[in-house]
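Student: quick one: sequence and predicted model below, then my questions.
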2 protein chains.
Amino acid sequence: MRTAADIRRMNSFAVVRAIHANGGASRRELVDITGLSFATVAAICTKLLELGVIAEVARKRAPAGRPTATLSLNPEHGFLLGVDIAETYVHVEAFDAALEPISSTQYDIDTHERSPDQVVERVKSAIAAERARHQGRALLGVGVSAPGQVDQVGGTSVFAPNWDWHDVPLRDMLADSVDAPLFLDNPLKSLAIAEMWAHPERRGQDFVVLNLGTGVGAGIAIGGRVVRGRMNSAGEWGHMVIVADGRACRCGSRGCVEAYVGAPGILQTLREAYPDSPLLHGDDQTATIAALAAAADDGDPAALDVIERTSHYLGIATASIVNLLNPDIVLLGSWVAELLGKHLLDRARTHLQAHALAVPMAAVAFELQHPRGNSVSLGSATFALEGYLDSVPDGTTDPETTPRRRTVG
Amino acid sequence: MRTAADIRRMNSFAVVRAIHANGGASRRELVDITGLSFATVAAICTKLLELGVIAEVARKRAPAGRPTATLSLNPEHGFLLGVDIAETYVHVEAFDAALEPISSTQYDIDTHERSPDQVVERVKSAIAAERARHQGRALLGVGVSAPGQVDQVGGTSVFAPNWDWHDVPLRDMLADSVDAPLFLDNPLKSLAIAEMWAHPERRGQDFVVLNLGTGVGAGIAIGGRVVRGRMNSAGEWGHMVIVADGRACRCGSRGCVEAYVGAPGILQTLREAYPDSPLLHGDDQTATIAALAAAADDGDPAALDVIERTSHYLGIATASIVNLLNPDIVLLGSWVAELLGKHLLDRARTHLQAHALAVPMAAVAFELQHPRGNSVSLGSATFALEGYLDSVPDGTTDPETTPRRRTVG
DNA sequence: GAGGGTTATTTTTGGTCTCGGAAATACTTC
DNA sequence: GAAGTATTTCCGAGACCAAAAATAACCCTC
């Protein structure tokens, strides 16, 4: 952001985003959306058309005058892979260059298959399966999300608590299985970036996506940029303390949000209050949470009690974020939110209201996220798309949100 | 940040900052610091010299070669006022255009003098006193910090809990007493901006200044920008919950950080554990905290116990920030930190370590802030300086940190 | 003491790039 | 062919950078 070329890159990037957000736009519309001059928009579009990043997909004829050429991201330009490495599965999804999902492959990971080599093997075969489906099309990039602390510049998993991984060089391990740039990041950052691409108004907002799963965390974006922190570890909302000297957390601390709001924490709340509850499916989190949701639908008092207790903690933990960051919007996402969200939302909002200051409370929207498919793989693919755009000669980039590029393979 | 002029403004701003941070610099040094080309630096400096914003203050002669012209912010160019409206006093400080303090006036505010008119009267007379001291010099701008929720764009105090103010139009009320642009903001933001100007390396870091006084809060800066949130209310760290259903807080919630770590909270801890302690000076916070510090110096076990308990809560509350934001540095400031800091710091760090995740913990520096004088008035004056630079024709600005300009009077 | 040599700092010049505004051009319907 | 809208093209202004030219000392010799 120092020389004229940087301006062109930023404006070029803004045009690409506007086209994507609009699902296709004419040059005139782009002028209105981006605020750039007609001349500039025309020049940028010409360049992007030459590169094949965008294409003229339709001409809208009007009663009079030259018909409008609708520009859109060029789905023929190639495809992207978004990889979501989670604690229990590997999900690999293919997207066209307009970020529309095309196909996906998912493999479960057994609890005992936890070594880096075993997991990487799974990832590789899922990638190979998707790669094979799209023979002949150019692979523009691969984005990979891995749980825990991830060094997105170095491409390593610094620490994954659930598998006890330390400094696993995931990008290098995967490099020989893909002939395209590979971007590694953390699911929280993927969620935030996906939200920004799917909802262009988010660029001008400060927002937080709360990820409610086995682990919990927050994807934070401020001023149109994903918050990463010094070590790309920002967003560990799950390990904020809400009960001093409270429940032991798997992180070694006590009273963490995750110990109450994470799926195992919800199970623990259920087990402590109703040790013999028929809703308990042993340690099977998904089954138990699903049973809880079904029972709550039927008005089961025990289920509603557990949900109320969970909402209490969720509301408090959300209040801390609302007070600290004063965001425009807080979203609840991931599988626990999908199963229990409708029961949690209003109850948690009540507790949020009781603990948040009036001014930030009045300003915040507290809602369920409505994902199209797997947001994490979408976000990972988005990182790959940004990386690709960044790498294009005379290309387009947002120097703030794009991870520093590092081509592999 | 869209056209070439924006680039010039940003680079111009970078040059001003570099000159200030260095306490004067040659053009050659500016090239190294800013990364700009020599030609660009020369052009910018010529312009700034013409405007009188900077001046050539010295020529360093070397054993050979053309002597180096040292450029520095031009203190003769005019002066700034920084106003710190606090709960118990009004502090007005004059700074030259190089942000060096020149003089200051402070008036106490009695507990019963809490109406907007009364407080504004105090502020006006303090400003008048400082104004009178610098007759004949140009007043470039006035920065005002007011406690509570402040709308810095509209220039109003939205809500000040300690005085029960609602929507007080402070800027308009003060406008007729100053013939210069007036900028209103919140002390937390002032602290953050002051820290950035005083320590240039902070621009590239994510940092948090914890303000430990009667109320507590956090000045947050991410990516060189002060975090404001939707309503400029970000930073209310004092009202994050660390003890679910804990102590009642004056905000109406329970278990807030402030209820434990704010000065009244520390007094409460002391009173609950040692009801007859000689350290207690009734409700006089300053006297009691000072007595606590003195007793701790002497190894008094009761004082050390209270400090240990406070450190526990402080460490937990800091851990939440470290986990959520993964900052490079967390600083402790304000009068409680000045009095008790040396006793709190290492103890709190122990608790921080116990509650923070390993990766962000390893990355963070946890230190006492070393302010030169009143950081809040310095920061307020800095907002005024930024506003002034922004207003200069062909001037310099950082569009991100500068509050939108709004000239009054 | 005067004048040329040295050396590091600044200033100028020339080339390339971007943006915006306005005029010119393209494309379609009536 | 006229009318009407959508793009493209054509400047001019301004910003950056690289490199050449100018400047302002000091130092040393004559």
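Tutor: Looks like it came in fine. Everything numeric in this text was worked out from a predicted model, so none of it was measured. Numbering: from 1, shown residues only, chains lettered A, B, ... in the order given.
Student: contacts and neighbour counts: CA atoms only from here.
Tutor: OK.
Student: in chain A, where's the longest helix?
Tutor: helix A:301-325 (DSSP state H).
Student: which one in chain A is furthest away from the centre?
Tutor: A:A64 (44.2 Å; C-alpha atoms, centre = their mean).
Student: so it versus chain B, what's the distance?
Tutor: 34 Å (C-alpha to the nearest C-alpha, to the nearest Å).
Student: give me the three-state assignment for that residue.
Tutor: Assigned by DSSP: H, G, I helix; E, B strand; the rest coil, the conformation of A:A64 is coil.
Student: mean confidence for stretch A:246-262?
Tutor: Confidence for stretch A:246-262, expressed as mean pLDDT, is 96.
Student: in that stretch, what's buried?
Tutor: The neighbour-count criterion (16 or more other C-alpha atoms under 10 Å in any protein chain shown) identifies A:246-247, A:249, A:251, A:253-262 as the buried residues of stretch A:246-262.
Student: with stretch A:87-95 instead?
Tutor: So for stretch A:87-95, counting by 16+ other C-alpha under 10 Å, buried means A:87, A:89-95.
Student: cool, and stretch A:32-41?
Tutor: Judged by neighbour count (16+ other C-alpha under 10 Å), stretch A:32-41 contains these buried residues: A:34, A:36, A:41.
Student: again, but for stretch A:277-293
Tutor: A:279-280, A:285-286, A:288-293.
Student: export only the CA atoms of that stretch, formatted as PDB.
Tutor: Provided in PDB are the C-alpha atoms of stretch A:277-293 (Å, rounded to 0.1, in the frame of the first residue of the first chain):
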ATOM      1  CA  SER A 277     -30.800 -39.500  31.700                       C
ATOM      2  CA  PRO A 278     -31.900 -41.600  28.700                       C
ATOM      3  CA  LEU A 279     -30.500 -38.800  26.500                       C
ATOM      4  CA  LEU A 280     -27.000 -39.800  27.300                       C
ATOM      5  CA  HIS A 281     -25.400 -41.900  24.600                       C
ATOM      6  CA  GLY A 282     -22.200 -42.600  26.400                       C
ATOM      7  CA  ASP A 283     -19.400 -40.500  25.000                       C
ATOM      8  CA  ASP A 284     -21.100 -40.100  21.700                       C
ATOM      9  CA  GLN A 285     -21.300 -36.300  21.500                       C
ATOM     10  CA  THR A 286     -23.300 -36.100  18.300                       C
ATOM     11  CA  ALA A 287     -25.900 -38.600  19.300                       C
ATOM     12  CA  THR A 288     -26.300 -37.100  22.700                       C
ATOM     13  CA  ILE A 289     -26.600 -33.500  21.400                       C
ATOM     14  CA  ALA A 290     -29.000 -34.700  18.800                       C
ATOM     15  CA  ALA A 291     -31.100 -36.500  21.500                       C
ATOM     16  CA  LEU A 292     -31.000 -33.400  23.500                       C
ATOM     17  CA  ALA A 293     -32.300 -31.300  20.600                       C
END
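Student: around DNA strand C, pick out the residues from chain A.
Tutor: Within reach of DNA strand C by C-alpha under 7 Å from any atom of the strand, chain A has these residues: A:4-5, A:7-8, A:11-12, A:35-40, A:43, A:61-67.
Student: over to A:R203. Which of the three states is it?
Tutor: Assignment for A:R203 (three-state DSSP): helix.
Student: am I right that it is in contact with A:G224?
Tutor: Yes. With contact defined as C-alpha atoms under 8 Å, A:R203 reaches A:G224; the gap is 4.2 Å.
Student: overlap in contacts, these two.
Tutor: Counting by C-alpha atoms under 8 Å, 6 or more residues apart in numbering or on different chains, the contacts common to A:R203 and A:G224 are A:M196.
Student: counting neighbours, go ahead and name the busier of those two.
Tutor: Ranked by neighbour count (other C-alpha atoms under 10 Å in any protein chain shown), A:R203 and A:G224 place A:G224 first, with 20 against 17.
Student: please report the distance of the more buried one from A:L170.
Tutor: 28 Å (C-alpha to C-alpha, to the nearest Å).
Student: which parts of the stretch 1-150 of chain A sit against DNA strand D?
Tutor: Counting by C-alpha under 7 Å from any atom of the strand, the stretch 1-150 of chain A sits next to DNA strand D at A:2-4, A:26-28, A:38-39, A:42-43, A:45-46, A:64-70.
Student: of the residues you listed, which belong to strands?
Tutor: A:68-70 (DSSP state E).
Student: the longest helix of chain A to helix B:301-325, inter-axis angle?
Tutor: 90 degrees (axes from the mean of the first three to the mean of the last three C-alpha atoms, to 10 degrees).
Student: who touches the helix or strand of chain A with the lowest mean pLDDT?
Tutor: Here the helix or strand of chain A ranked lowest by mean pLDDT, DSSP states H and E is strand A:54-60, holding a mean of 86. The contact list for strand A:54-60 (C-alpha under 8 Å, 6+ apart) reads A:45, A:48-49, A:67-74.
Student: now do 7 Å
Tutor: Applying C-alpha atoms under 7 Å, 6 or more residues apart in numbering or on different chains, the contact partners of strand A:54-60 are A:48-49, A:67-74.
Student: mind listing what's buried along that strand?
Tutor: A:54-55.
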